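Trainee: Make a model of this:
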Amino acid sequence: MTVTPDLTPLPTVADRADAVATDLRRLATSDGAPSTRELVDLAAATAAITVTLLETALPAVDEDEPGTGEAFERAAELGDDARRHLVTAFHLIAGVHGIVSVRPPTT
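Mentor: Numbers count the residues shown, from 1 in each chain. Below you'll find the model as predicted:
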């Protein structure tokens with residue numbers, strides 16, 4: 001019987017990191033300042049990478065360094081909270097832009 005090793009999310013994380021790096025380079029070399037939407041989206045993508053890496057480390061961390069598992073779990077939770085807050089911020093910004101775009105001009 002052949003045992004298949006557990007799949008690792010690292011190739012997916014590497015692809016995400018490449019996409020974030022490409023987007024960051026594009027923003028850094030474009031004319032003018034990046035939009036708030038672009039920056040918040042980039043921050044959320046970066047936070048998602050951090051959460052995935054921490055969650056990947058969790059199964060082995062207590063075996064390698066006893067007593068540190070709870071700290072890593074909390075770090076992953078905080079990273080996920082940060083990502084969710086960034087997504088919420090993005091939605092609020094999009095809502096404000098939508099309201100402003102349909103509001104009648106005032107004189």
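Trainee: Next, Gly67: secondary structure please.
Mentor: coil (DSSP: H, G, I helix; E, B strand; the rest coil).
Trainee: That one: how many residues sit nearby?
Mentor: 8 (other Cβ atoms under 10 Å). Every C-beta, even on glycine, is put in place using the N, C-alpha and C of the backbone.
Trainee: what sits against it?
Mentor: Gly67 makes contact with no residue under the criterion Cβ atoms under 8 Å, 6 or more residues apart in numbering.
Trainee: Ok, His85 next?
Mentor: Contacts of His85 (Cβ under 8 Å, 6+ apart): none.
Trainee: Now it: phi and psi?
Mentor: Dihedral pair for His85: phi -60, psi -40, per degrees, to the nearest 10.
Trainee: Tell me the pLDDT of it.
Mentor: His85 carries a pLDDT value of 87.
Trainee: And for Gly79?
Mentor: At Gly79, the model reports a pLDDT of 82.
Trainee: For it, which residues are in contact?
Mentor: Contacts of Gly79 (Cβ under 8 Å, 6+ apart): Ala47, Thr50, Val51, Leu54.
Trainee: Need the pLDDT of the second one.
Mentor: Reported pLDDT at Thr50 in the predicted model: 83.
Trainee: Find the helix or strand that the closest residue in space to it that isn't next to it in sequence is a member of.
Mentor: Among residues not flanking Thr50 along the chain, Gly79 sits closest, at 4.7 Å (Cβ to Cβ, 6 or more residues apart in numbering). Assigned by DSSP states H and E, Gly79 belongs to helix 69-102.
Trainee: Run the chain-centre distance for that helix.
Mentor: Between the centre of helix 69-102 and the centre of its chain there are 9 Å (Cα atoms, centre = their mean, to the nearest Å).
Trainee: Please point out which parts of that helix sit buried.
Mentor: For helix 69-102, burial by neighbour count (16 or more other Cβ atoms under 10 Å) applies to Gly69, Phe72, Ala75, Ala76, Gly79, Asp80, Ala82, Arg83, Leu86, Val87, Phe90.
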